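J.: Can you look at this prediction? I've put the sequence above it.
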Amino acid sequence: MTLYGVGLGPGQADLVTVRGKRALENADVVYSPGRLSRTVATKHVPEERIGDLDFPMTRDEEKLRSAWKAAAAEIAPQAREGDAAFVTLGDPNVYSTFGHLRRTLAAFHPNVDLEVVPGVSAVTAFATALGVEITAGSSLALREADGGVSPTGPDRMILFKVTDAPATHAGLVEAGYDVTYGRRLFMEQGETVVTDDPTEIDERDYYTLAYAEKPDARVEQATDAFLEGVDEAGVISDGGEASIARQERSEAALGGDEVRQ
């Protein structure tokens, strides 16, 4: 018998993976830590199979530990006697409440078998929503920007929890970044906004992220030569001899048919 940590994806019910959907359908009870994840889960399982957990809205660590101990005590017998699932938006191992449950179970209920079902994370979904291509050879850093923080350093960053976009924007622009913001990307709950104007999203919203990139950060690709080879008639050539040097420079970046990020 097993507890499945299931990533629901960014918020749309049809972005749950096939394996995640199967785990939800087969679970005897599905636990959700919040309203939004519950909304997605109920698209795949009946309401009566959703388990309620109480998590206080507080930064008091003692109260939080008490809540997670209670949640683990509720979930552990279900996972020993049958199959249970705990759902989170995104991926269970990326900025997720699931880590708290996993650590609590390991400490107090080590005999519970656990399996993680990865989900589509905002880490990857943002690229499609914002029209950004992260090419082979690029590096990308993940940072948190709650309360107007403007982390800097890497040439490309994804910033989570952008709760004061104007303040964050000022710091990033001063450091030489171009910034695009996305709010509630691929979420059915609330309005999706994509903008480079921080004043359009100046109200606090936990589900806001930003992509910050320095203008000269782009990695040159071998296939760029195809676009440079377009003639006046719109015909794309092979780039000619000029593409040979480019291809040699990019060979390490290409590294095969697939690049795993």
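T.: Good, I have the coordinates. Residues are numbered from 1 along each chain as shown.
J.: What's the per-residue pLDDT of Ser243 here?
T.: As predicted, Ser243 sits at a pLDDT of 43.
J.: cool, and Asp83?
T.: pLDDT at Asp83 comes out at 97.
J.: residue contacts, Ala70?
T.: Asp54 (CB atoms under 8 Å, 6 or more residues apart in numbering). Every C-beta, even on glycine, is put in place using the N, C-alpha and C of the backbone.
J.: What's the separation between it and Ile50?
T.: 17 Å (CB to CB, to the nearest Å).
J.: Next one: the residue nearest to Tyr207 when sequence neighbours are not counted, what pLDDT does it get?
T.: Distance criterion CB to CB, 6 or more residues apart in numbering; nearest residue to Tyr207, sequence neighbours excluded, is Arg184 at 4.9 Å. The score at Arg184 is 91. That number is its pLDDT.
J.: same question, Pro33
T.: Confidence score, pLDDT, at Pro33: 89.
J.: Can you report how many residues lie near it?
T.: 22 (other CB atoms under 10 Å).
J.: Name the nearest residue to it, ignoring sequence neighbours.
T.: Thr97 (4.8 Å).
J.: Now for that neighbour: which residues touch it?
T.: Thr97 touches Pro33, Gly34, Phe55, Thr88, counting by CB under 8 Å, 6+ apart.
J.: among the residues you listed, who's most crowded?
T.: Thr88 (25 neighbours).
J.: correct me, but that residue touches Val94?
T.: No. The criterion here is CB atoms under 8 Å, and Thr88 misses it with Val94 at 9.3 Å.
J.: And the strands in the stretch 51-200 of the chain, which stretches?
T.: For the stretch 51-200 of the chain, strands defined by DSSP state E, counting those that start in this stretch occupy the ranges 84-88, 113-117, 141-144, 156-160, 178-183, 193-195.
J.: quick one: which of those strands is nearest Thr124?
T.: Comparison of those against Thr124 by CB to CB identifies strand 156-160 as nearest, at 9.6 Å.
J.: show me where pLDDT drops low in this protein?
T.: Scanning the chain for pLDDT under 70 picks out 229-261.
J.: Just the C-alphas of the longest helix seen in it, formatted as PDB.
T.: In the chain, assigned by DSSP state H, the helix with the most residues is helix 61-81. Taking C-alpha atoms only, helix 61-81 is exported to PDB below (Å, rounded to 0.1, in the frame of the first residue of the first chain):
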ATOM      1  CA  GLU A  61       6.900  27.200  13.100                       C
ATOM      2  CA  GLU A  62       5.600  25.400  16.200                       C
ATOM      3  CA  LYS A  63       2.000  25.700  15.000                       C
ATOM      4  CA  LEU A  64       3.100  24.500  11.500                       C
ATOM      5  CA  ARG A  65       4.900  21.500  12.900                       C
ATOM      6  CA  SER A  66       1.800  20.600  14.900                       C
ATOM      7  CA  ALA A  67      -0.400  20.800  11.800                       C
ATOM      8  CA  TRP A  68       1.900  18.600   9.800                       C
ATOM      9  CA  LYS A  69       2.200  16.000  12.600                       C
ATOM     10  CA  ALA A  70      -1.600  15.900  12.600                       C
ATOM     11  CA  ALA A  71      -1.800  15.600   8.800                       C
ATOM     12  CA  ALA A  72       0.700  12.800   8.800                       C
ATOM     13  CA  ALA A  73      -1.200  11.000  11.600                       C
ATOM     14  CA  GLU A  74      -4.300  11.200   9.500                       C
ATOM     15  CA  ILE A  75      -2.700  10.100   6.300                       C
ATOM     16  CA  ALA A  76      -0.400   7.300   7.500                       C
ATOM     17  CA  PRO A  77      -3.100   4.700   8.400                       C
ATOM     18  CA  GLN A  78      -4.800   5.300   5.100                       C
ATOM     19  CA  ALA A  79      -1.600   4.700   3.200                       C
ATOM     20  CA  ARG A  80      -0.800   1.500   5.200                       C
ATOM     21  CA  GLU A  81      -4.200   0.000   4.700                       C
END
